[in-house]
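**Student:** prediction below, plus the sequence it came from.
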Amino acid sequence: MTSLFQNDPAVLVLEDGTRHVGRAYGAHGTTLGEVVFATGMTGYQETLTDPSYAGQIVLQTAPHIGNTGMNGEDPESRRIWVSGYIVRDPSRVVSNWRADESLDDALVNDGVVGISGIDTRAVTRHIRSAGSMRGGIFSGDAAAIDADEQLRLVREAPEMAGQNLSAQVSVTAAEVTRATGERIGNLAVLDLGVKQATVDNLAARGFDVHVLPQDVTIDEIRKIDPVAVFYSNGPGDPAASDGHVDLLRGVLDDGLPFFGICFGNQLLGRALGLGTYKLPFGHRGINQPVLDKETGRVEITAHNHGFAVDAPVEGAFDSPNGYGRIEVSHVGLNDKVVEGLRALDIPAFSVQYHPEAAAGPHDANYLFDRFRDLVVANLEKKASQ
């Protein structure tokens, strides 16, 4: 196992010139990306393997990371996707019978450059005030690069706004997971960064889950004779995904039931004719309170998004693109951000958070049942016509 207490130097550099000196953690070298913080106290393996974090350097606000190591059962995808990793105190030992390797070994194996031993609370408070920003981790020999040169590299890195990252994380060929519950039919899943727990939940509701490449066409979707379409979570700016929006409009025009989560929520908003915008520092973690406006219930939910839909929170309104009446179904209680959309005249809805939440909480898991019920009701309606 790689030494968890490396003495090799490392430095975190933010685009405003802020510097934090610590120790190398994981792979050595240079990495650049948008620095964001995640508030979950557990589930770091699910965070690291969530494709939505592509292009981002993730800071864990929980101070002690790595206790349970990494195992072969909990990954949400085929690899670690974060561009870099920031922790305060790496665990001295791996203390879980399910562990196959240590966290730092996993970071090394996937080439993820990290830093430890810095005041992560101070960095978090800085981002909370100034907003998410580009940053770089320079470790090992790269830590000795001139400070001005390090800052120049950070400032030349691309900003998250305007980036389309779907092709980096999507499958390149269709993958099918058969229904494990009573079969309903084929479900077309546009893979924008889908997580394995999502696929498992959909299969458990009776769908043969067809995970499709992000560049699939509407005709290719029609060929699998889907009973519904699902858009997954994923990284990037929804305003840079016009192709996925056009595809979704084709799905809605065909009258197919639709469910979208996270990135899929933002793309539904844009397909309906709404705008999206970048949040100051986003929502990332597994402790975000959301109000379900229909039931009045407050759910603790898992989030990972830096963009949001711009829509009126109160009352129904008409879709600018002609899809009938729309309402905001869920609202974030921390900052009143739109957390869900419901179409009142077509079979479509979405939420901004992650109902699969493999590391928990499971307050929002009922949404998969709501989707199944919507699809079954639509099939029964078509059969009676």
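**Tutor:** Done, it's in.

**Student:** in stretch 300-311, which residues are buried?
**Tutor:** Buried positions in stretch 300-311, judged by neighbour count with 16 or more other C-beta atoms under 10 Å: 300-309, 311. (C-beta placed from N, C-alpha, C; glycine too.)

**Student:** now do stretch 212-231
**Tutor:** Result for stretch 212-231 [16+ other C-beta under 10 Å]: buried residues 212-214, 216, 218, 221, 224, 226-231.

**Student:** which of those fall within strands?
**Tutor:** Secondary structure assignment by DSSP state E places 212, 226-231 of the buried residues of stretch 212-231 in strands.

**Student:** picking up where we left off before, nearest to Ala239, of the buried residues of stretch 300-311?
**Tutor:** Phe307 (8.0 Å; C-beta to C-beta).

**Student:** quick one: secondary structure of Gln168?
**Tutor:** helix (DSSP: H, G, I helix; E, B strand; the rest coil).

**Student:** need the contact list for it.
**Tutor:** 54, 235 (C-beta atoms under 8 Å, 6 or more residues apart in numbering).

**Student:** where along the stretch 1-150 of the chain do the strands fall?
**Tutor:** When secondary structure is read from DSSP state E, counting those that start in this stretch, the stretch 1-150 of the chain shows strands at 9-14, 19-26, 30-38, 56-60, 64-65, 84-86, 89-90, 113-116, 133-139.

**Student:** that older thread, redo the buried residues of stretch 300-311 as a markdown table? Include distance to Ala143.
**Tutor:** Below are the buried residues of stretch 300-311 laid out as a markdown table (distance: C-beta to C-beta, whole Å):
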| residue | distance to Ala143 |
| --- | --- |
| Ile300 | 39 |
| Thr301 | 38 |
| Ala302 | 34 |
| His303 | 33 |
| Asn304 | 29 |
| His305 | 32 |
| Gly306 | 28 |
| Phe307 | 33 |
| Ala308 | 36 |
| Val309 | 41 |
| Ala311 | 45 |
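
**Student:** closest one of those residues to Asn265?
**Tutor:** Nearest to Asn265 among those is Val309, at 6.6 Å by C-beta to C-beta.

**Student:** so how far is Val351 from Phe368?
**Tutor:** In this structure, Phe368 and Val351 are separated by 11 Å, where distance is defined by C-beta to C-beta, to the nearest Å.

**Student:** higher neighbour count, those two?
**Tutor:** Under the criterion of other C-beta atoms under 10 Å, the comparison of Phe368 against Val351 puts Val351 first, with 27 against 20.

**Student:** who does the more buried one form a beta bridge with?
**Tutor:** When bridges are called by DSSP bridges, Val351 pairs up with Ile261, Gly340.

**Student:** how about Pro90?
**Tutor:** Applying DSSP bridges to Pro90 gives these bridge partners: Ile65.

**Student:** before we move on, what about Gly135?
**Tutor:** Beta-bridge partners for Gly135, by DSSP bridges, are Leu14, Gly33.
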